[in-house]
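S.K.: curious how this folds, go ahead:
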Amino acid sequence: MSGGCDDMTREAIDYGQFEAGRDVNYWTLDRTLQYEARRAYPDEEFAWAEPRLEAFGDVVGSTIADNADRIDRHGPELHTYDQHGEVRNEVEYHPAQDENERITYEKFGLTHDAFHAPPGRDEPLGLTHTLTQQALLSYADPGFVCPVSMTTGVALVLDEFDDGSLDGYFDRLTSRDADEHIEGAMF
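M.R.: Numbering: from 1, shown residues only. Below you'll find the predicted structure:
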């Protein structure tokens, strides 16, 4: 593996130098995460993943962070009944949530790449990649990290224990197509 202890700084991140956590690349900022990722990934996986982690860290510190603020100010709305009084139980989310999901699931394959080969690779990446992306996402949108984590957890269970009868769910939990993607939950 590349790198060594000298690649990691033991100095705390001075968050005071940043304006509201914006316009920062959380991958380049977090030297400890870089060190641990370099240590945990197999070398060839890290070489492939590092530029993607840098790109994800950048979008987390800009678009995702901005969207998370909008989403927090305009939380989901439950529409229990339709105009005729029929139960519909539909939840309406702010459109920024859709953008964050497209970025996370479709563009960066957060729940896909541990189970299926991402574009540009012949093999899936290990869970180290998924967990590293989740760590980056948690800087800006810890509320969104929950369904992302639950989705990965459900996919892991299905991948390990499903007899094939739930393949359709597994495929949608791990889809890179945001329109087909579904999220896992804990009940």
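
S.K.: surely residue 77 meets residue 90?
M.R.: No: judged on Cβ atoms under 8 Å, residue 77 makes no contact with residue 90 at a distance of 9.1 Å. All C-beta atoms are positioned from the backbone trio N, CA, C, and that covers glycine.

S.K.: all helices of this structure, in order?
M.R.: Counting by DSSP state H, the chain has helices at residues 26-29, 31-40, 43-59, 65-73, 95-101, 127-140, 142-161, 167-173.

S.K.: next, the buried residues of the third one.
M.R.: Think helix 43-59. 45, 46, 48, 49, 50, 52, 53, 56, 57, 58, 59 (16 or more other Cβ atoms under 10 Å).

S.K.: C-alpha coordinates for that helix, CSV please?
M.R.: What follows is helix 43-59, C-alpha atoms only, in CSV (Å, rounded to 0.1, in the frame of the first residue of the first chain):
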residue,chain,number,x,y,z
ASP,A,43,-3.7,-0.6,-3.8
GLU,A,44,-5.3,-1.0,-7.2
GLU,A,45,-8.8,0.0,-5.8
PHE,A,46,-7.4,3.1,-4.0
ALA,A,47,-5.7,4.2,-7.2
TRP,A,48,-9.0,4.0,-9.0
ALA,A,49,-11.1,5.4,-6.2
GLU,A,50,-9.0,8.4,-5.0
PRO,A,51,-9.9,10.8,-7.9
ARG,A,52,-13.6,9.8,-7.4
LEU,A,53,-13.4,10.4,-3.7
GLU,A,54,-11.8,13.8,-4.4
ALA,A,55,-14.6,14.6,-6.8
PHE,A,56,-17.3,13.4,-4.3
GLY,A,57,-15.7,15.4,-1.5
ASP,A,58,-15.9,18.5,-3.7
VAL,A,59,-19.6,18.1,-4.5
